[in-house]
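**Q** Next one to model:
(chains A and B)
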Amino acid sequence: MIKKVKDDGKSSFSKIIYNSEIVEIFTKVADLLDIKGDNEFRIRAYREAVRTIERLPWQIQNLIEEGRDLTKLPGIGKDLEIKIKEIVKTGGLKQLQRLKKQVPEGLTSLLELPALGPKRVHDLYLQLKIKNKQDLRNKLMQNEVSQLKGFGRKITAQLKKALEQDATKKERIKFKTIEQYLKPLTSWISQDKLVKKVFVAGSYRRKKETIGDIDILAISSDPNQVSRRFTRFPEIKDILSQGETKASVITNPSLQVDLRVVVPKSEGAALFYFTGSKAHNIKIRNIALDKGLKVNEYGVFKGGKRIAGQTEKEIYKLLGLDYIPPELREDKGEVEAALNNNLPHLVKLKDLKGDLQMHTKSSDGTSSFEQMAGRAKKLGREYIAITDHSSFIGITQGLDEKKIIKQVAKIKRFNEKISELHVFAGIEVDIKEDGSLDLPNKILKQLDLVVCAIHSKFNLSLEKQTQRLIKAMENPYCNIIAHPTGRIIQKREPYKLNLEKIFKMAVKNQVLLEINSQPSRLDLNDENIMQAKQVGVKFSLSSDAHSPEELFYLKYGVYQARRGWLEAKDVLNTYSLAAFTQFLKQKKKR
DNA sequence: GCCGTTTTCGGCCCGACTGTTTTCAGTCG
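**A** Next up is the predicted model:
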């Protein structure tokens, strides 16, 4: 039943259903069908739909309300559209209820355990009536599991160990943290005289904001030896598998590392395969199949004959595609774009001429603005904006009106003396709950650049939070919205916002949306960036440095921007000083 | 269950490693 909410007319549904709830239900359906032994392609269809919904930046409920055709989304057909609508309207799915009657729900938790896939879970249920982890624990103790066909000593031992540790949760790790772990690993592998080259592939090479495990590719004429020696890396806790061409280990700190070793002539094919993403690989392999070719990690094959594989470039070329940079390999349209010579020319770190958010010891930074400017100059920047906090949030010791005027004067004097780098006098001003800014316009007017941000009241309703941000953007002095969604990776969810509206209003008011480069923010994220760009949003890419050392964080923002398909022209701080100054002036005239 | 400049039916990526197998199924990435 759909209930109209009468008072504001904004929502036609009685209850908000988030995308995550649809994802949860479809995942459960897929898992249960899997255990039941249903058609594997039907199961795959549910998982594909989950993938689509997970990365959708819009709330599906809103799309339905606006009458959008969900079957336009990849992997969503007529059937799944009907099911999504059922979930959004009723909060549940009848099909799932039926399935739960056939297969106990607790069985899906068993899939988290090592060596347990749908087939073995099904056997455990059928033969021993095991319905959940507790049942499994009991039957293992009573030595009943080892009686089953297919459950030998090793598997039962593995299961006991896993249940003891309940080591089922594997948290992803932030990109910057992974960088530190890589050095000892790659240098251990490189030390091997048999190793010619080492690549870090996987999601690390695609520059994802978090990394699940480390995938390393080594090139050697003797893969077997290299794989063996790898498992003697001193910081190894556990060896998961070790064969002639690959090995998987758990290191200290707990991190899964997969090594793959191929001979030199397969370098390109293996790098392609091991970089992923899985969805991208499948798409490419399908294109190959259409052409009567086969792609695997050893090369491209026609009949039994190997016709490419030395480099990634030759593989893409052979398939009629432009070279696709790793950051784009997510099956988000990059393959189609590569077919039509339509790939973006992705922004590069060296394109960035300025850095538009940073802090000094006038608020919560560690250094003077002169020190920040000095380091920025060394990094090749031509201009920076000093954007200390306004005084609204007490903890950061923000600037009040008097201090701001003083700092502006100081920066002006600096610019008169120093010509190699221009400093814009800016502020990171707080957006208050009602959307007004923490400083009066007569003060903001005197600044070169105004960055607005939310630092409080994160839990407002979707309507209120959206309105708050829009009101801030409508202030004629607002140039940039900093970390627009407020998420902190693995710590804080984004605020509830109607991003589509925010993007449109940003365009209308000539407000830049920030890509904040702090490794735990990276806000906007890649999906948001992609969608915002389609609406016509322009961006600022900022380090948000609180010390000179953090100025290099800009590279993380660049990775995120590239994953969001941005070109230099989309990012305003790739503009020359003159052009960027012109942009600011134009806004002030409004 | 999705999808389609060959198809509205008949496809749906590909291979390595493990354990328990007497030749391969299941799991994993």
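**Q** burial of the residue of the stretch 101-250 of chain A found nearest DNA strand B, as a residue count?
**A** Using C-beta to the nearest atom of the strand, the closest approach of the stretch 101-250 of chain A to DNA strand B is made by A:Gly152 at 1.6 Å. C-beta: built from backbone N, CA, C; applies to glycine. Applying other C-beta atoms under 10 Å, we find 10 other residues in the vicinity of A:Gly152.
**Q** Equivalent analysis for the one 5 residues further on, please.
**A** Taking other C-beta under 10 Å as the criterion, the count of residues near A:Ala157 is 12.
**Q** outside of the helix or strand encompassing it, which residues touch it?
**A** Per DSSP states H and E, A:Ala157 falls inside helix A:153-165. Under the contact criterion C-beta atoms under 8 Å, 6 or more residues apart in numbering, helix A:153-165 has outside partners A:Leu113, A:Pro114, A:Ala115, A:Leu116, A:Lys133, A:Leu136, A:Arg137, A:Leu140, A:Val145, A:Ser146, A:Thr168.
**Q** helix or strand right after it?
**A** Heading C-terminal from helix A:153-165, the first helix or strand you meet, by DSSP H and E, is strand A:173-174.
**Q** after that next one, next one along is what?
**A** Downstream of strand A:173-174 (by DSSP H and E), the next one is helix A:175-191.
**Q** for that following helix, packing partners?
**A** Other helices and strands packing on helix A:175-191, by 3 or more C-beta pairs under 8 Å, 6 or more residues apart in numbering; DSSP states H and E, are strand A:195-200, helix A:202-205, strand A:210-211, strand A:214-220, helix A:223-230, strand A:255-262, helix A:554-563.
**Q** for the fifth one, which positions count as buried?
**A** Neighbour-count burial for helix A:223-230, with 16 or more other C-beta atoms under 10 Å as criterion, is recorded at A:Pro223, A:Gln225, A:Val226, A:Ser227, A:Arg228, A:Arg229, A:Phe230.
**Q** Just the buried ones from the contacts of helix A:153-165?
**A** Using 16+ other C-beta under 10 Å, the buried ones in the contacts of helix A:153-165 are A:Leu113, A:Leu116, A:Lys133, A:Leu136, A:Leu140, A:Val145.
**Q** okay if I get those residues as CSV plus secondary structure?
**A** Formatted as CSV, the buried ones among the contacts of helix A:153-165 follow (DSSP: H, G, I helix; E, B strand; the rest coil):
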residue, secondary structure
A:Leu113, coil
A:Leu116, coil
A:Lys133, helix
A:Leu136, helix
A:Leu140, helix
A:Val145, helix
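**Q** Check those one by one and keep those near DNA strand B.
**A** Filtering the buried ones among the contacts of helix A:153-165 for neighbours of DNA strand B using C-beta under 7 Å from any atom of the strand leaves A:Leu116.
**Q** Can you list the buried residues in the least confident helix or strand in chain A by mean pLDDT?
**A** Lowest on mean pLDDT, DSSP states H and E among the helices and strands of chain A sits helix A:153-165, with a mean of 87. For helix A:153-165, the neighbour count (16+ other C-beta under 10 Å) marks A:Ile155, A:Thr156, A:Leu159, A:Ala162, A:Leu163 as buried.
**Q** Could you do stretch A:75-93 as well?
**A** Neighbour counts over stretch A:75-93 (16+ other C-beta under 10 Å) mark A:Gly75, A:Ile76, A:Leu80, A:Glu81, A:Lys83, A:Ile84, A:Ile87, A:Val88, A:Lys89, A:Leu93 as buried.
**Q** Show me how far the strand or helix carrying the fifth one is from its chain's centre.
**A** So the one you mean is A:Lys83. Per DSSP H and E: A:Lys83 is located in helix A:78-90. Taking C-alpha atoms, centre = their mean, to the nearest Å, one finds helix A:78-90 lying 27 Å from the centre of the chain it belongs to.
**Q** got the contact list for that helix?
**A** Identification of contacts with helix A:78-90 by C-beta under 8 Å, 6+ apart yields A:1-2, A:13, A:17, A:21-22, A:25-26, A:45-46, A:49, A:60-61, A:64, A:70-71, A:76, A:92-95.
**Q** Tell me which residues of the helix or strand just after that helix come out buried.
**A** Downstream of helix A:78-90, the next assigned helix or strand under DSSP H and E is helix A:94-102. Within helix A:94-102, the residues that count as buried by 16+ other C-beta under 10 Å are A:Leu96, A:Leu99.
**Q** Now helix A:94-102 - C-alpha only, CSV.
**A** Written as CSV, here are the backbone C-alpha positions of helix A:94-102 (Å, rounded to 0.1, in the frame of the first residue of the first chain):
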residue,chain,number,x,y,z
LYS,A,94,7.4,-12.0,-0.6
GLN,A,95,9.9,-14.1,-2.5
LEU,A,96,12.3,-13.8,0.3
GLN,A,97,9.7,-15.0,2.8
ARG,A,98,9.0,-18.0,0.7
LEU,A,99,12.7,-18.8,0.3
LYS,A,100,13.2,-18.6,4.1
LYS,A,101,10.7,-21.3,4.5
GLN,A,102,12.6,-23.6,2.1
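**Q** who does it touch, helix- and strand-wise?
**A** Judged by 3+ C-beta pairs under 8 Å, 6+ apart, helix A:94-102 is in contact with helix A:19-36.
**Q** And stretch A:575-584, how far out from the chain middle?
**A** Offset of stretch A:575-584 from its chain centre (C-alpha atoms, centre = their mean): 30 Å.
**Q** pLDDT of it, averaged?
**A** Averaging pLDDT along stretch A:575-584 yields 96.
**Q** so what's A:Lys100 up against?
**A** Contacts of A:Lys100 (C-beta under 8 Å, 6+ apart): A:Leu32.
**Q** at 6 Å what do you get?
**A** Counting by C-beta atoms under 6 Å, 6 or more residues apart in numbering, A:Lys100 makes contact with nothing.
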